[in-house]
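Student: Let me see the structure of the following:
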Amino acid sequence: MPGKKLLRKNEGFIKAWELFLSNGTIEKELIRDVISYSWMRSKLHGIDPLVSKIEDTLSNEAFDERYKNAMSFINTAMPFMNSLRKIVENTGFIVRLTDKDGYVLETIGDNKLVEEYGNLNVYKGCNVRENVIGTNALGTALEIGKPIQVLGAEHYCKQYHNWASSACPIRDEKKEIVGILSATGSNENVHPHTLGMVVAAAQAIEKKMKLEKINKQLDMANKHFYAIMQSISDGLICTDNKGMIMDINLFARRFLGLKEEDIVEKNIRTILEQKNYDKIMKRIHNRKKYEEEEILFKTQKGTNISCIVTVTPIKDQFTREVEGLVITFKEAKMVHSLVNKIVGAEARFTFDDILGKSKAIKKAIEIASLFANTNATILLLGESGTGKELFAQAIHNESSRRKKPFVFLNCGAIPRELVGSELFGYVEGAFTGAKRGGHPGKFELADGGTVFLDEIGDMPLDIQANLLRVLETKQIVRIGGHNVVPVDVRVIAATHKDLKKEVELGNFREDLFYRLNVMPIKTPSLRDRKDDIRIFTDHFIEKFSKRMGKEIEKVHESFYRGMMQYHWPGNVRELQNVVQLVVNIVNHEEVLDYKHLPNYMKSSNLPKRLGLVDELMSLEEIEKMAITKTMQEVNGNIALASKILGIGRSTLYRKIEKYALDMF
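Tutor: Residues are numbered from 1 along each chain as shown. Predicted coordinates:
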């Protein structure tokens, strides 16, 4: 019965339409505002209401391109178009879908409607916008952005006056119109609920589009996550809250020597020591992050590899209960290498940086260069201040280990009880104050490179035994631990002491001495290379002048003579400190001469041993006199005196005590 009512109503629409065409008058009692406004827009667009054909159809190529670009939208909408067609099946309805520009992309349904009432821009590729065919459900819905039902003579073009059409815009997640869905039939078969069905179908399409976009984003996120997992240079393992492995990346599989099928869905305890597994699970159950701590992984070959590990719990959004874990790790060696680079554990000097042209220094460099290309242990022998560390760095940089760490430890500068932990590291809980997770020693940090052990003559006897074992086995065991860690390290040792004498006194192990003394190199004292004193003097004058912003106009020969006749017990280090002192006190652009030398260096204050008289003196007497004169010159300033003498302050205090000197 709704159809008959509409037919009677349509008669009034026709009269109102005719009146509007004749004089532009709108019968407001019959015509809705939305239709009257559309008629006015259609008239302004110059649409011929009696036209039977409008040429606004895409070429085959243009349509194919537009259809291809809208394929995802069409595929989403087609199931709902078919469902809508089935609902109105056998009632002469056509279901159409347009794009945002009003071009028909798909049309399905009963072609009898077209054959009986006309085909004005109904087919694929035709345009149905208001500015093309006047008032119609699809074009007007696109214009106003709302669902609409246009009945009979409410259409602007007469060819549609027997049609009733319902249309609804379809919007994307940004609320922008991407197309229009419509159902069109004859006036006789239209039903008020038709618009509701079209609106419901359009809303379903929108929801599916949104869901498909979310699924696509999730799929893309999963692909990105997988690509990131496989490409990063860290090990990455994902588990559930019981430690069952859900995923493991390529780096981790290769690092542990495992295949994916061998490890996925197995518990992580299969690749961890029990105590490390217990520690991780305890933290996670307490909902705490396990961050950058050292643990051991078990490989397929049965060996243990030390790694720096971070474990992050994944928590439920609402309950905050732990649902799983993300475990990332790096091999400890890689982390140590990075730390070494940051803190400067590298050799900066080469043999080209060693100043001097004397025979003594040239011979030492020649021997050191020869030894550098071997992998044997080297022992540097020489007085304090002769450049033993400089030689050690140059040897490292000349060797095949030049790109690996160069790690330094002064065995005489740290407390005796800490030497072992510094060299070999320690495990967590090894002693009071030990770091959580333990700490690597110098040998681990230097793996692949060189360890330089300065003042090895001061190393405690018990640590000497451990060092000997490391040199022979190339393995270390951290203090408090039991795991054996292989290390590939070259040792360069240095001392100012007579190690043979120390062996006789029982202060140094004989077996370690012979293990170190494979390739001894003597770094000559400044007394043995007098020819180089002038070179050093000029070098340090230039260096400190630039640093202090001073210009030394000239250096008188008397200054050089004073430098040459001094005996330099502190060697090059002392010479450097003297020049620094002199440059510091000299006036700008002043000529340096003999008077600028410290008093203890001048002829009247020099030891008689230097040829001023014939009396001979022991080295201890010379040392005592040098300290006495220096302390007098600097008015008891320990820091300045130690710099001038080229020795540490603690060493200077010991010598003052040794000689019972009253400096104050």
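Student: quick one: contacts of the strand or helix carrying Glu542?
Tutor: Glu542 belongs to helix 533-548 when assigned by DSSP states H and E. Contact with helix 533-548 is made by 355-357, 526, 551-552, 555, 559-560, 563-564, 568, 572, 575-576, 579-580, 583-584, 592, as judged by C-beta atoms under 8 Å, 6 or more residues apart in numbering. C-beta: built from backbone N, CA, C; applies to glycine.
Student: Now list the buried members of those residues.
Tutor: 356, 526, 552, 555, 559-560, 563, 568, 572, 575-576, 579-580, 583, 592 (16 or more other C-beta atoms under 10 Å).
Student: if you look at the residues you listed, which of them are in helices?
Tutor: The helices, defined by DSSP state H, take in 559-560, 563, 572, 575-576, 579-580, 583 from the buried ones among the contacts of helix 533-548.
Student: Mean confidence (pLDDT) on the helix or strand harbouring Leu195, please.
Tutor: Leu195 is part of helix 193-231 when elements are defined by DSSP H and E. Mean pLDDT, computed over helix 193-231, is 88.
Student: Which positions within that helix qualify as buried?
Tutor: For helix 193-231, a neighbour-count test (16+ other C-beta under 10 Å) marks 194-195, 197-199, 201-206, 209, 229 as buried.
Student: Next: stretch 123-137.
Tutor: By neighbour count on 16+ other C-beta under 10 Å, the buried set for stretch 123-137 is 124-137.
Student: Going by distance to Met78, which of the residues you listed wins?
Tutor: Lys124 (13.3 Å; C-beta to C-beta).
Student: pretty sure that closest one contacts Thr98?
Tutor: No. The pair Lys124 and Thr98 does not pass the contact test of C-beta atoms under 8 Å, sitting 10.0 Å apart.
Student: quick one: common contacting residues for the two?
Tutor: 104-105.
Student: where in the stretch 251-400 of the chain is pLDDT low?
Tutor: Within the stretch 251-400 of the chain, the segments meeting pLDDT under 70 span 284, 333-345.
Student: Now do the helices in it.
Tutor: Using DSSP state H, counting those that start in this stretch, the helices found in the stretch 251-400 of the chain span residues 260-263, 274-285, 332-343, 359-372, 388-398.
Student: Same check on the stretch 551-664 of the chain?
Tutor: 557-565, 571-585, 619-633, 638-645, 649-658.
Student: I'd like to know which of those has the weakest mean confidence.
Tutor: Mean pLDDT values for the helices of the stretch 551-664 of the chain show the minimum at helix 619-633, a mean of 79.
Student: what's the angle between that helix and helix 638-645?
Tutor: Using axes from the mean of the first three to the mean of the last three C-alpha atoms, to 10 degrees, the direction of helix 619-633 lies 130 degrees away from that of helix 638-645.
Student: Could you list the buried residues of helix 619-633?
Tutor: 622-631, 633.
Student: between that helix and helix 649-658, how many degrees?
Tutor: 110 degrees.
Student: Please verify my assumption that Glu502 contacts Asp458.
Tutor: No. Here Glu502 does not reach Asp458: they are 9.7 Å apart, not a contact under C-beta under 8 Å.
Student: which one of the buried residues of helix 619-633 is nearest Lys404?
Tutor: Glu623 (39.4 Å).
Student: Tell me how far the closest one lies from Ser525.
Tutor: 14 Å (C-beta to C-beta, to the nearest Å).
Student: Point out where the stretch 401-550 of the chain drops to low pLDDT.
Tutor: 430, 432-437.
Student: about what we covered before: out of the helices of the stretch 551-664 of the chain, which comes closest to Phe408?
Tutor: Nearest of the helices of the stretch 551-664 of the chain (C-beta to C-beta): helix 571-585, 16.2 Å.
Student: helices or strands up against that closest one?
Tutor: Here helix 571-585 touches helix 533-548, helix 638-645, going by 3 or more C-beta pairs under 8 Å, 6 or more residues apart in numbering; DSSP states H and E.
Student: what angle separates that helix from helix 388-398?
Tutor: Using the same axes, to 10 degrees: helix 571-585 against helix 388-398 is 110 degrees.
Student: biggest strand in this structure by residues?
Tutor: When the chain is parsed with DSSP state E, its longest strand is strand 304-315.
Student: Would you mind measuring from Glu32 to Phe251?
Tutor: Residue 32: Arg, not Glu. 68 Å.
Student: circling back: quick one: which of the buried residues of helix 619-633 is nearest Leu645?
Tutor: Closest to Leu645, out of all of the buried residues of helix 619-633 and judged by C-beta to C-beta, is Thr630, at 5.7 Å.
Student: Nothing else from me, thank you.
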